[in-house]
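Undergrad: need a 3D model of the following:
(chains A and B)
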Amino acid sequence: MNAITITRQIGVPAEAVASQIAVRLESRILGQEVINTAARRAGNPEMALSLIDDLGLLGLRASPRNRTEFNRVLKEVVEERIREGKVIFTCPAGCVLLREREDILHVRMTAPLKCRIQVLVEEMKISPAAAHNRIVASDDSRKRFMRDYYDIDWNDPQLYDLVLNLGKLSVKTASELICQAYSRETAPSQNKRNDRKD
Amino acid sequence: MPDSTSTQKFVHPIERTFAQILDYYGISWLYEPRTFPLEWDSEGQVKEAFTPDFYLPEQDLYVELTTLRPALIRHKNRKIRLLRQLYPDIHIKLFKRSDLRNMMIKYGFDEQAGRITGTEAQLSKDS
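TA: I've put the predicted structure just below:
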């Protein structure tokens, strides 16, 4: 395995999990920097804002041609980074752009609504009602974005190799599970064949 | 060094709101960092120039906000068109009144959104 993609929803402490994995696996975390680089290289910096705009506040909509070109360049940039070393890719499109590669572990993190509300209340110092509204807006915006830009239902579990509920699992447990899956799938092929016989 | 909403003075409240949205997403911004000459007289003096509202250095993108009604936006569009012709490597995004209104409603600023309709808005932002 050469990389991990992490898809998450607002209010799920995926950054904390990614940070722990990065330390354990000596990997780099790629997020906005890669999106910005790809957008600039594609000559379409607005695309970066589209991907970053979790809540759909900016109302940006790219043409199919611009989207296709941007996705091509984004994939190119991510693959360059993977060639440089192990990476953890936290862009929402990671699981889609790199789905054909066998050497990538795709992880989805989720949590119950009440847990997500609590996280936002603490992080952003907002009321539970405001946190609830932001979560609903973000989920809706993200769902539409993934459908419009990538023609997928991002809640489809088939897009992911591992789906973790951080309402139940701690950040530490989640990062350990991901590292275990990553290391086992990176093991020499004989070990994997032995595993399958068990 | 990016600007900060806590210290930056803005000409119009919509600019502050936009900066707050950028802050929310962790997008660095600079307020009116550059003026682009658009037209010169026979002696080479600048006759007309344009200063976009924001520059996003990580995206290399200039942003202009306008609360003008569509019928009155010709002058702004002309400036942006000239900018793109004279400076083809510069990327600029114009957020129009409807974009800004929708943005503020989604961000929870319904009262402010109501204020960028009508003639009051024409006089304050783009005069």
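
Undergrad: ok, B:Arg69 to B:Arg97 distance?
TA: 7 Å (CB to CB, to the nearest Å). Just so you know, the C-beta spots here come from the backbone N, C-alpha and C atoms, and that holds for glycine as well.

Undergrad: over to A:Asn155?
TA: Counting by CB to CB, the gap from A:Asn155 to B:Arg97 is 35 Å.

Undergrad: quick one, which of those two is more surrounded?
TA: Set A:Asn155 next to B:Arg97 and count neighbours by other CB atoms under 10 Å in any protein chain shown: B:Arg97 wins out with 22 against 16.

Undergrad: pull out the buried residues from stretch A:97-113.
TA: Neighbour counts over stretch A:97-113 (16 or more other CB atoms under 10 Å in any protein chain shown) mark A:Leu97, A:Leu98, A:Arg101, A:Ile104, A:Leu105, A:His106, A:Val107, A:Arg108, A:Met109, A:Thr110, A:Ala111 as buried.

Undergrad: oh, I was asking about stretch A:159-168
TA: Residues of stretch A:159-168 classed as buried: A:Leu159, A:Tyr160, A:Asp161, A:Leu162, A:Leu164, A:Leu166 (neighbour count, 16+ other CB under 10 Å).

Undergrad: now it, how far from the centre of its chain.
TA: 12 Å (CA atoms, centre = their mean, to the nearest Å).

Undergrad: mean confidence for it?
TA: Averaged across stretch A:159-168, pLDDT comes to 94.

Undergrad: do stretch A:6-22 as well
TA: 93.

Undergrad: same check, this time on stretch B:57-70
TA: 91.

Undergrad: figure out the length between the terminal residues of that stretch.
TA: 29 Å (CA to CA, to the nearest Å).

Undergrad: give the buried residues for that stretch.
TA: Result for stretch B:57-70 [16+ other CB under 10 Å]: buried residues B:Glu58, B:Gln59, B:Asp60, B:Leu61, B:Tyr62, B:Val63, B:Glu64, B:Leu65, B:Thr66, B:Thr67, B:Leu68.

Undergrad: now swap in stretch A:141-152 and tell me
TA: Buried, per 16+ other CB under 10 Å, within stretch A:141-152: A:Ser141, A:Arg142, A:Phe145, A:Met146, A:Tyr149, A:Tyr150, A:Ile152.

Undergrad: reformat those into CSV and put secondary structure and pLDDT next to each item.
TA: Shown next, in CSV, are these (DSSP: H, G, I helix; E, B strand; the rest coil; pLDDT from 0 to 100):
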residue, secondary structure, pLDDT
A:Ser141, helix, 86
A:Arg142, helix, 88
A:Phe145, helix, 85
A:Met146, helix, 88
A:Tyr149, helix, 84
A:Tyr150, helix, 87
A:Ile152, coil, 91
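
Undergrad: sorry, back to before: which pair in the buried residues of stretch A:97-113 spans the largest distance?
TA: Spanning the widest gap among those are A:Arg101 and A:Ala111, at 27.3 Å by CB to CB.

Undergrad: for chain A, where's the lowest mean pLDDT among helices and strands?
TA: Lowest by mean pLDDT, DSSP states H and E among the helices and strands of chain A is helix A:189-197, with a mean of 50.

Undergrad: residue contacts, the closest residue to A:Thr90 other than its chain neighbours?
TA: Distances taken as CB to CB, 6 or more residues apart in numbering or on different chains put A:Gly31 closest to A:Thr90, at 4.4 Å, once the chain neighbours are dropped. Listed by CB atoms under 8 Å, 6 or more residues apart in numbering or on different chains, the contact partners of A:Gly31 are A:Phe89, A:Thr90, A:Cys91.
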